[in-house]
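[1] Okay, predicted coordinates and the sequence, questions at the end:
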Amino acid sequence: MFVATLVASGSMGQGDIAEAADRLRDAGCAPSDCCWLDADKAADLFFGADPVAARAALAGVGAGIDIIVQATETREKTLLIADMDSTMITVECIDELADYAGIKPQIAEITERAMRGELDFAGALHERVALLKGLEDAAIDLCRAERVVIMDGARALVRTMKARGARTLLVSGGFTRFTGPVAEEIGFDAAVANVLEIADGALLGTVTTPIVDAARKRAELEAAIAGGIDRALTLAVGDGANDIPMIQGAGLGVAYHAKPKTREAAAAEIIHGDLSVLLYAQGIASAQWVLG
């Protein structure tokens with residue numbers, strides 16, 4: 001049995017669910033029961049066959065509705081592995097840090113191309129960090145305090161999953177000076193990121209190696225699975241090209257407001273809503289969320 005979870009960024013009605021059921025029926029997916037998770041906000045539509053066809057058939061249902069299709073028996077996950085920049089927080093930290101050096105447009109262009117998969121991630125990271133050479137170390141903490149905003153739904157997602165026994169891991173191609181405080185604020189069990197090299201109160205323009213790149217993100221997922229977590233019960237979420245390997249390796253890989261290549265690679269995507277969509281996708285209604 002499979003389930004299509006429909007989550008509205010605003011609200012939806014019975015007509016949206018009926019349209020979804022009709023599309024599944026026309027695609028030969030044998031829809032059966034449906035139920036609300038939260039009235040007018042999120043609903044489950046169960047069906048019996050062909051999840052790939054179901055996802056294609058449901059594309060574009062309703063206005064502002066995200067749809068996650070998966071097997072019912074493995075929908076609640078025991079591992080969350082998540083990107084940070086533009087996923088768990090609303091900004092790209094290196095771009096904001098560059099603003100304190102007066103070179104944000106130059107670095108942001110490189111970031112955008114790297115996240116789209118147009119540039120080698122490692123080369124792009126070294127190039128951007130080199131441009132920050134000489135920036136005062138104090139700018140990092142100032143940037144974090146002034147610019148970093150937690151993504152809507154992030155705290156509820158992580159804290160609810162942890163309360164239900166899941167492990168949560170933040171994996172970032174950014175820097176530990178950001179990921180440490182962000183992981184603590186949101187509630188992650190652990191965080192992995194790059195280390196900026198600093199001396200005499202200023203950035204040296206280098207990072208320690210090996211860097212946290214796409215391969216390292218996938219390796220962290222594989223290590224968790226090797227440690228006894230069922231792959232089918234893993235959830236990976238990110239937005240950039242460097243997230244693709246971990247998204248493809250997870251039981252449910254989700255592209256979050258993502259770049260085109262990442263959207264193409266993912267089995268599920270969030271286009272309209274926030275990270276709370278991933279709680280509904282696990283069958284968890286808002287009355288069960290841990291918010292504090």
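    That came through fine. Since we're looking at a predicted model, the values are computed, not measured.
[2] And the strands in the stretch 101-250 of the chain, which stretches?
    167-175, 190-194, 196-199, 202-207, 234-238 (DSSP state E, counting those that start in this stretch).
[3] Give the partner strands of the shortest one in its sheet and their orientations.
    On the basis of DSSP bridges, the sheet neighbours of strand 196-199 come out as strand 202-207 (antiparallel).
[4] And the strand it pairs with, what's buried?
    By 16 or more other CB atoms under 10 Å, the buried positions in strand 202-207 come out as 203, 205, 207. In short, each C-beta sits where N, CA and C put it, glycine included.
[5] Looking at these, spot the one nearest residue 177.
    residue 203 (10.4 Å; CB to CB).
[6] Look up the residues forming beta bridges with that closest one.
    Counting by DSSP bridges, the residues bridging with residue 203 are residue 198.
[7] thought it was touching residue 197?
    Yes: at 7.4 Å, residue 203 counts as touching residue 197 under the criterion of CB atoms under 8 Å.
[8] Now stretch 189-206 - C-alpha only, CSV.
    Coordinates of each C-alpha in stretch 189-206 appear next as CSV, following Å, rounded to 0.1, in the frame of the first residue of the first chain:
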residue,chain,number,x,y,z
ASP,A,189,21.9,15.4,17.7
ALA,A,190,25.1,16.2,15.7
ALA,A,191,26.5,18.4,13.0
VAL,A,192,29.2,18.0,10.4
ALA,A,193,30.7,21.0,8.5
ASN,A,194,33.9,22.6,7.2
VAL,A,195,36.4,24.4,9.5
LEU,A,196,37.6,27.8,8.6
GLU,A,197,41.3,28.4,9.4
ILE,A,198,41.9,31.5,11.5
ALA,A,199,45.0,33.1,13.0
ASP,A,200,45.6,36.4,14.8
GLY,A,201,41.9,37.2,14.8
ALA,A,202,41.4,37.0,11.0
LEU,A,203,40.5,34.4,8.4
LEU,A,204,43.4,32.9,6.5
GLY,A,205,41.4,32.3,3.4
THR,A,206,41.5,28.5,3.8
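[9] Work out the gap between that stretch and the centre of the chain.
    Distance of stretch 189-206 from the chain centroid (CA atoms, centre = their mean, to the nearest Å) equals 23 Å.
[10] what does that stretch contact?
    For stretch 189-206, contacts defined as CB atoms under 8 Å, 6 or more residues apart in numbering pick out 84, 125-126, 129-138, 140, 162, 167-180, 182-183, 207-208, 211-212, 216, 220.
[11] Next: stretch 39-54.
    Here stretch 39-54 makes contact (CB under 8 Å, 6+ apart) with 1-8, 11-13, 17, 20-21, 24, 27-37, 69-72, 280, 283, 285-286.
[12] Please repeat the previous calculation with a cut-off of 6 Å.
    With contacts defined as CB atoms under 6 Å, 6 or more residues apart in numbering, stretch 39-54 is touched by 2-8, 11, 17, 20, 24, 27, 29-36, 69, 280.
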